[in-house]
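In: Kindly generate the corresponding structure for this input.
(2 chains)
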Amino acid sequence: MYTRGPVIVMELPEQLNHVEAKRFLDELQPLLEGDRPSVVLDCSQIKHMESAGVEMLLYCLEQAMKRDGDLKLAAISPASAVILELMRVDRLFEVFQTSEEAVRSFQIFAPATVAQTQPWYAAPYGLTDLKAAG
Amino acid sequence: MIERLIAIDVEHISVLVDAKSSAVAPSFRHFPENVKVRVVADVAAAIAEELAGYTQRGIGHSFINAANAYAETDLLDLFCFHREARQPVTRTFDRDGCLDLWVVDCAKAQPIDLVFLKNNADQNGAPRYFIREYVNRLLHPRDVRRLAADILRRNCGTGVSGKQVRPGVWIDDGGEVHRRARIVAPAYIGCASKVKADALITRFTDIERNCCVDSGTVIEDSSILANTTIGICLDLCHSIASGNKLWNLERDVAVEIVDPRVMRFTTARPRKWTAHSSGRIQAREEAGVLQKPEMPQRWQIENNNIQE
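Out: Numbers count the residues shown, from 1 in each chain, chains lettered A, B, ... in the order given. Predicted coordinates:
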């Protein structure tokens, strides 16, 4: 049903600053120029992310979307997640626990693998419970 | 519920809509022949009338379901349970209490109305059928939102209609998504709805039929109810939007937006339901005339606070 080529999985560097982001983009750019590129970026190694890194992610996403492809993130650390949330770009990406789940998501939708930031009202205890607890 | 009743080959289905809330009457893409929709002034009297009609036609049993909760159960099993119990009324309940889904013997249970049903089924010894499956009582707008997310997550039996254009993204008949718009799975775009350029639809968002999300707008973890237009470059999160009304679930507040450039009803609402002497419903289109649907009673806005 979903005819796609192979999924490209790449690991982002530890330091996602201006220099590393550019280096990484140079590697990824040719792969994004294919038809319907399917890309998974493994974020497990990231220890430091700057705005240049976020900008690079957005550029890659834009390039993939232009060619009717998609870019997904996997194994993102809490620190990186905070930065993406802070810059309000987290909601642009599908985020998965592992690269394998992200790769599978190009073929089939498995709701359990989608990492979702639950809003507070979806928690098992709601506002009423909080009020009751004083 | 109607689809599930059709699935078990129920002979006749009567949908009784209170005249006060006729604007929220159900609409069917393919109107089934055995479904009859009536707008009535007195629902309780109409139930009795329908059951009398069923008895005359030789129909022995009837399911009665008030549309104030979403409950999934094996209807055939419920029916068998009712027959074995040999009582005129069987009521369902779940771990949180009674539900307004009954099975009744049409002949034995007359005269019948909702009060009779509740009283009869609540008496000690009356059979009660326990529902272990998915139940959502739809008491608060956040329950509607949760139901939408559960459907997208496949936590309940109702599936997403439309075509899955890529994993986790469903677009229904006539739905249009601009090439430059971004849809992050899971998400649903309803019939004849439009998502314009640079819009972002993300995090379990569902957009119902005949809606429009204008350029540059972000819809996150929200439900856009039918016939709603959301303006340019807005950021809508954790909300339910219907026409010019917005419930923000995070702040637990409801607001009415006056500026039509921000939010409004989509023009040329497709249907308005009216009562007909023969009991048949006519779907009339009032071209160019806007009419705000009445909101369910328990969601009435007062001082901008949602009343539970």
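
In: any idea of the pLDDT on residue B:31?
Out: Residue-level confidence at residue B:31 comes out at 70, pLDDT.

In: Residue B:164 too?
Out: In this model, residue B:164 is scored at 92, pLDDT.

In: In which helix or strand does it reside?
Out: Assessed by DSSP states H and E, residue B:164 sits inside strand B:163-166.

In: In PDB, could you pull the C-alpha coordinates for that strand?
Out: Presented in PDB, the C-alpha positions along strand B:163-166 are these (Å, rounded to 0.1, in the frame of the first residue of the first chain):
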ATOM      1  CA  LYS B 163      -8.300   6.600   3.300                       C
ATOM      2  CA  GLN B 164      -5.100   6.100   5.100                       C
ATOM      3  CA  VAL B 165      -2.900   8.100   2.800                       C
ATOM      4  CA  ARG B 166       0.200   7.200   4.800                       C
END
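
In: Mind giving me the packing neighbours of whichever helix or strand comes after it?
Out: Proceeding N to C from strand B:163-166, the next assigned helix or strand is strand B:169-171, under DSSP H and E. Identification of packing neighbours for strand B:169-171 by 3 or more Cβ pairs under 8 Å, 6 or more residues apart in numbering or on different chains; DSSP states H and E yields strand B:163-166, strand B:187-189. In this view, the C-beta of every residue, glycine as well, is placed from N, C-alpha and C.

In: Give me the buried positions along strand B:169-171.
Out: Neighbour counts over strand B:169-171 (16 or more other Cβ atoms under 10 Å in any protein chain shown) mark B:169, B:170, B:171 as buried.

In: Same question for stretch A:55-67.
Out: Within stretch A:55-67, the residues that count as buried by 16+ other Cβ under 10 Å are A:56, A:57, A:60, A:61, A:63, A:64, A:65.

In: now, which of those residues sits nearest chain B?
Out: Checking the buried residues of stretch A:55-67 against chain B with Cβ to the nearest Cβ, the nearest one is residue A:65 at 6.7 Å.

In: outside of the host helix or strand of the closest one, which residues touch it?
Out: Assigned by DSSP H and E, residue A:65 belongs to helix A:51-66. For helix A:51-66, contacts defined as Cβ atoms under 8 Å, 6 or more residues apart in numbering or on different chains pick out A:12, A:16-18, A:20-22, A:24-25, A:28-29, A:32-33, A:37-39, A:41, A:46, A:70-71, A:73, A:83-84, A:87, A:89, A:92-93, B:180, B:182.

In: quick one, helices of chain B?
Out: Ranges of helices in chain B, per DSSP state H, are B:2-7, B:43-56, B:75-85, B:114-122, B:141-153.

In: For chain A, find the nearest of those helices.
Out: The nearest among those, by Cβ to the nearest Cβ, is helix B:141-153 at 4.2 Å.

In: what's the neighbour count on the residue in chain A positioned nearest to chain B?
Out: Scanning chain A for the residue nearest chain B gives residue A:109, at 3.7 Å (criterion: Cβ to the nearest Cβ). By the measure other Cβ atoms under 10 Å in any protein chain shown, the count of residues near residue A:109 is 21.
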